[in-house]
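Trainee: got a sequence here, can you model it:
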Amino acid sequence: MFKHLLVFLLFIPQAGAQILSEREQAVLVDEILEERYTQLLPELMDRASIDMWVLISREYNEDPVLRTMLPATWLNARRRTILVFHQDREKDTLERLAIARYDIGDHISSAWDPEAEPDQMKALLDVITERDPQRIGLNYSADFNIADGIVKTDYDLFMEILPPHFRERVVSAEELAVGWIETRSKKEMELYKELVSITKDIIEEAFSSKVINPGVTTTDDVVWWMRQKVTELGLETWFHPTVDIQRKEEELKDHIEAFSAGYGDKVILPGDLLHCDFGIFYLRLNTDCQQHAYVLKEGETAAPDFLQEALKKGNRLQDILTSNFKTGRTGNEILLKSLKEAKAEELQPSIYTHPLGLYGHSAGPTIGMWDAQEGVPGAGDYPIYPNTVYAIELNTTVNVPEWNKDIRIMLEEAGFWGEDGFEYVNGRQTDFLLVNLE
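Mentor: Got it, this is the predicted structure:
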């Protein structure tokens with residue numbers, strides 16, 4: 001079924017992409033969810049040494065992890081939704097239970113009869129007592145917001161029902177929660193290639209004469225064109241896109257001003273170096289991409305050599321960073337090693353790479369932040385695991401004598417770390433997109 005549905009994604013936006021219908025999307029989402037439950041969850045529970053994982057949420061205030069576990073037809077939790085995953089290693093079984101009035105889709109079976117036991121929390125305790133888990137994981141975490149989903153009210157209710165011997169077995173499920181969020185299944189990776197392709201196709205069309213009329217079109221015009229294009233395709237953006245300009249006559253903004261105040265709305269002119277930051281959300285996966293374009297002057301057929309050399313330096317920084325990916329190495333270790341090597345090659349690097357997947361700024365090893373190039377305590381100390389996806393996000397500052405100033409090459413591409421090493425999910429930018437004069 002999956003391969004049959006995937007063909008709908010092969011149409012590129014310029015030709016009129018045929019995004020799956022809502023019904024088809026639901027089928028695919030549930031197929032992927034079942035794959036994740038059967039193929040990923042047992043291994044992740046083993047890795048975290050947790051034999052019972054309890055997730056508690058209330059409607060419209062969902063735990064970020066629980067939200068990713070709901071079937072396609074559940075847009076939110078209902079009332080108080082309680083999920084229990086119990087792994088019996090001796091029997092080699094993994095139960096998926098809901099302390100709820102009904103099954104949660106086809107994936108999780110109801111384990112509560114309100115007629116026999118009206119108290120939902122007491123029913124939860126009965127499930128725990130019968131299975132006698134040694135380590136009970138709850139989603140609380142100081143370092144990962146996505147793994148910190150249990151609210152105080154639910155935590156207090158849960159701890160109050162537990163007798164002392166079970167209370168002592170409650171541990172943070174941080175490693176398990178992060179593992180669930182960051183690890184990709186085979187079907188997800190097949191799909192991811194198409195999502196990244198769609199993302200880049202939209203950027204390519206945005207940075208073309210179909211959208212940009214130099215001297216007339218503004219950066220905000222392009223931003224809102226991208227937002228509208230995404231909506232018309234039946235997709236969503238997970239953050240508001242940005243489009244900015246670097247040009248000879250204007251001083252390069254520092255990181256703080258650029259990231260906090262942005263670049264403002266400007267008319268796009270011949271000779272401008274354009275940059276965008278853009279990502280889409282579809283079928284519960286997110287993309288995040290930054291690319292550059294050059295607006296051709298009259299008589300030009302390519303970007304100037306000095307700009308192309310600058311782009312090569314950005315690509316070189318990507319190579320240095322991704323060559324340092326290694327299973328078990330922490331985000332901070334990867335960051336510091338990469339910065340040291342880049343500076344030894346006389347690059348001016350800044351690295352702020354983050355996990356990507358079920359969330360845009362997802363859970364997993366943080367590899368620098370733009371304002372924390374010395375490392376990130378906590379999230380940066382988390383190790384890299386196989387079958388994970390990252391937004392390879394970075395920049396390098398390059399002095400351009402032809403413009404008598406510095407410019408910044410800012411790149412971001414989806415990259416996959418697997419058993420066979422690193423690869424870009426769907427290639428990377430090595431040449432400028434070109435905007436022609438009409």
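Trainee: count the neighbours of Asp46 for me.
Mentor: Neighbours of Asp46 under the rule other CB atoms under 10 Å: 13. In short, each C-beta sits where N, CA and C put it, glycine included.
Trainee: how about it, secondary structure?
Mentor: With DSSP: H, G, I helix; E, B strand; the rest coil as the basis, Asp46 sits in helix.
Trainee: tell me the pLDDT at it?
Mentor: With respect to pLDDT, Asp46 scores 96.
Trainee: residues contacting it?
Mentor: 87, 89 (CB atoms under 8 Å, 6 or more residues apart in numbering).
Trainee: so how far is Tyr385 from it?
Mentor: Using CB to CB, to the nearest Å, Asp46 is found at 13 Å from Tyr385.
Trainee: also Arg89?
Mentor: Arg89 is 21 Å from Tyr385, where distance means CB to CB.
Trainee: of these two, which one has the most company?
Mentor: Comparing Arg89 with Tyr385 by other CB under 10 Å, the one with more neighbours is Tyr385, at 17 against 11.
Trainee: in a strand, the more buried one, correct?
Mentor: No - counting by three-state DSSP, Tyr385 falls outside a strand, being coil.
Trainee: quick check: closest non-adjacent residue to Gln246.
Mentor: Spatial nearest neighbour of Gln246, chain neighbours left out: Leu273 (4.4 Å); criterion: CB to CB, 6 or more residues apart in numbering.
Trainee: pLDDT wise, what is that neighbour at?
Mentor: pLDDT at Leu273 comes out at 97.
Trainee: what does the one 5 residues further on give?
Mentor: pLDDT, the model's per-residue confidence, is 97 for Phe278.
Trainee: tell me how many other residues surround the nearest residue to it once chain neighbours are set aside.
Mentor: Residue nearest to Phe278 in three dimensions, not counting chain neighbours: Pro241, with 4.4 Å by CB to CB, 6+ apart. Each residue near Pro241 was counted by other CB under 10 Å, and the total is 21.
Trainee: would you mind measuring from Pro241 to Arg408?
Mentor: According to CB to CB, Pro241 stands 18 Å off from Arg408.
Trainee: still on that earlier bit, separation between the residue nearest to Phe278 and His292?
Mentor: 14 Å.
Trainee: what's the answer for Asp46, then?
Mentor: To His292, Asp46 is 44 Å away according to CB to CB.
Trainee: and for Lys405?
Mentor: 16 Å.
Trainee: again, but for Val398
Mentor: Counting by CB to CB - Val398 and His292 are separated by 12 Å.
Trainee: just to revisit the earlier point, surely the residue nearest to Gln246 meets Ile245?
Mentor: Yes - if you go by CB atoms under 8 Å, Leu273 and Ile245 touch, sitting 7.0 Å apart.
Trainee: from Phe432, how far out is Asp305?
Mentor: Counting by CB to CB, the gap from Asp305 to Phe432 is 12 Å.
Trainee: quick one, helices of the stretch 51-200 of the chain?
Mentor: Using DSSP state H, counting those that start in this stretch, the helices of the stretch 51-200 of the chain run over 64-67, 120-131, 152-161, 164-167, 174-182, 186-206.
Trainee: export these as JSON lines, with columns for mean pLDDT.
Mentor: Converted to JSON lines, these look like this (pLDDT from 0 to 100):
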{"stretch": "helix 64-67", "mean pLDDT": "94"}
{"stretch": "helix 120-131", "mean pLDDT": "95"}
{"stretch": "helix 152-161", "mean pLDDT": "95"}
{"stretch": "helix 164-167", "mean pLDDT": "96"}
{"stretch": "helix 174-182", "mean pLDDT": "98"}
{"stretch": "helix 186-206", "mean pLDDT": "95"}
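Trainee: among those helices, which is the most enclosed?
Mentor: helix 174-182 (a mean of 24; mean count of other CB atoms under 10 Å).
Trainee: for that helix, output the C-alpha coordinates as PDB.
Mentor: The C-alpha coordinates for helix 174-182 follow below in PDB (Å, rounded to 0.1, in the frame of the first residue of the first chain):
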ATOM      1  CA  GLU A 174      14.100  11.100  28.600                       C
ATOM      2  CA  GLU A 175      16.300   8.700  26.700                       C
ATOM      3  CA  LEU A 176      13.300   6.700  25.500                       C
ATOM      4  CA  ALA A 177      11.200   9.800  24.600                       C
ATOM      5  CA  VAL A 178      14.100  11.300  22.700                       C
ATOM      6  CA  GLY A 179      14.800   8.000  20.900                       C
ATOM      7  CA  TRP A 180      11.200   7.700  19.800                       C
ATOM      8  CA  ILE A 181      11.100  11.200  18.400                       C
ATOM      9  CA  GLU A 182      14.500  11.100  16.700                       C
END
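Trainee: how about Thr73, what does it touch?
Mentor: Counting by CB under 8 Å, 6+ apart, Thr73 touches 26, 105.
Trainee: do Val127 as well
Mentor: Taking CB under 8 Å, 6+ apart as the contact definition, Val127 lies against 84, 86, 97, 99, 111.
Trainee: one more pass at 7 Å, please.
Mentor: In this structure, Val127 makes contact with 84, 97, 99, 111, judged by CB atoms under 7 Å, 6 or more residues apart in numbering.
Trainee: ok, now Ala147?
Mentor: By CB under 7 Å, 6+ apart, the residues touching Ala147 are 65, 139, 141, 174, 177-178, 363.
Trainee: now swap in Trp180 and tell me
Mentor: Shown in contact with Trp180 (CB under 7 Å, 6+ apart): 44, 65.
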